[in-house]
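Visitor: With the input below, show me the fold.
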Amino acid sequence: MNEKGRCRRVATEDRRAVGRMLVETLRFFQSVVNSFADPVLVIGSDMQVKLINKAARDFSVPREPLERKYAENARCYQVIYGSRHSCLARGRECPLLEVMESGQPKAVVHEVTMKNGELRYYEVWASPLVGGEQEESLGIIEVFRDITERKLATEALQKSRDELELRVEQRTADLKKMNISLRQEVEDRRWAEDQLIQSLEHADLVYRVIP
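Guide: Coordinates of the predicted model:
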């Protein structure tokens with residue numbers, strides 16, 4: 001085998017070795033993200049999902065029929081929400097657009113109706129994904145965390161505070177009314193006393209004048 005052939009074979013073997021390393025690295029990274037209990041998505045700037053973990057695949061929401069199966073090259077709203085319409089079209093904030101515009105991490109809260117009809121609240125943490133020598137924006141990494149219990153507890157606490165504040169305001173108003181009533185009663189008694197004193201003085205004067 002001549003030198004040119006040997007170089008070709010070495011180059012081919014190197015490419016295969018690099019390919020195997022990339023596959024192993026990707027498998028390792030997939031196993032890492034699969035270990036997260038929360039849904040995790042790696043989304044490109046084109047809204048296409050590049051990588052998802054098992055929790056995201058198993059996200060239990062009602063899914064609209066699509067022409068193709070959900071996969072990594074599907075749109076993020078198709079994969080996680082089973083919808084043919086974007087988050088903005090459904091009245092949700094789009095963390096991808098906000099992060100791409102600002103370059104800063106962003107957290108939004110999405111209301112999600114689950115497959116069993118239950119309404120749950122998810123906090124979506126989105127962080128910018130950059131790469132290359134110029135550190136150009138490639139997309140985002142999204143993590144979904146169920147905050148339903150925390151949100152309901154916060155709302156219940158706020159409701160209790162509002163009710164307590166309302167009761168305090170009502171009690172304060174009642175006390176003000178009672179105070180006004182007591183003042184009026186005191187003034188009425190003073191007036192009655194003054195009238196009685198004047199009547200007694202007048203009667204005394206008449207008694208003295210009349211022989």
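
Visitor: tell me how far the lengthiest strand in the chain is from the chain's mean position?
Guide: Secondary structure assigned by DSSP state E gives strand 119-131 as the longest strand of the chain. Remark: strand 119-131 is offset 10 Å from the chain centroid, using C-alpha atoms, centre = their mean, to the nearest Å.

Visitor: any residues touching the next helix or strand after it, and which ones?
Guide: Per DSSP states H and E, the first helix or strand lying C-terminal to strand 119-131 is strand 136-146. By C-beta atoms under 8 Å, 6 or more residues apart in numbering, the residues outside strand 136-146 that reach it are 36, 38-46, 50, 56, 59, 76, 80, 95-96, 99-100, 103, 120-132. Backbone N, C-alpha and C define where each C-beta goes, glycine included.

Visitor: Parallel or antiparallel, list what pairs with strand 136-146.
Guide: strand 40-44 (antiparallel), strand 119-131 (antiparallel) (DSSP bridges).

Visitor: quick one: the helices in this protein?
Guide: Remark: helices assigned in the chain by DSSP state H are 3-34, 54-57, 76-81, 95-102, 148-209.

Visitor: winner for burial among those helices?
Guide: Mean neighbour count (mean count of other C-beta atoms under 10 Å) peaks for helix 76-81 among the helices of the chain, with a mean of 23.

Visitor: Apart from its chain neighbours, what residue comes closest to Ala56?
Guide: Pro39 (3.7 Å; C-beta to C-beta, 6 or more residues apart in numbering).

Visitor: can you put the helices of the chain in TSV and add distance to Glu136 and mean pLDDT?
Guide: Putting those into TSV (distance: least, C-beta to C-beta, whole Å; pLDDT from 0 to 100) gives the following:
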stretch	distance to Glu136	mean pLDDT
helix 3-34	21	70
helix 54-57	25	88
helix 76-81	20	84
helix 95-102	11	88
helix 148-209	36	84
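
Visitor: want to try JSON lines for these, with distance to Asn116 as columns?
Guide: What follows is those, written out as JSON lines (distance: least, C-beta to C-beta, whole Å):
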{"stretch": "helix 3-34", "distance to Asn116": "24"}
{"stretch": "helix 54-57", "distance to Asn116": "17"}
{"stretch": "helix 76-81", "distance to Asn116": "15"}
{"stretch": "helix 95-102", "distance to Asn116": "26"}
{"stretch": "helix 148-209", "distance to Asn116": "13"}
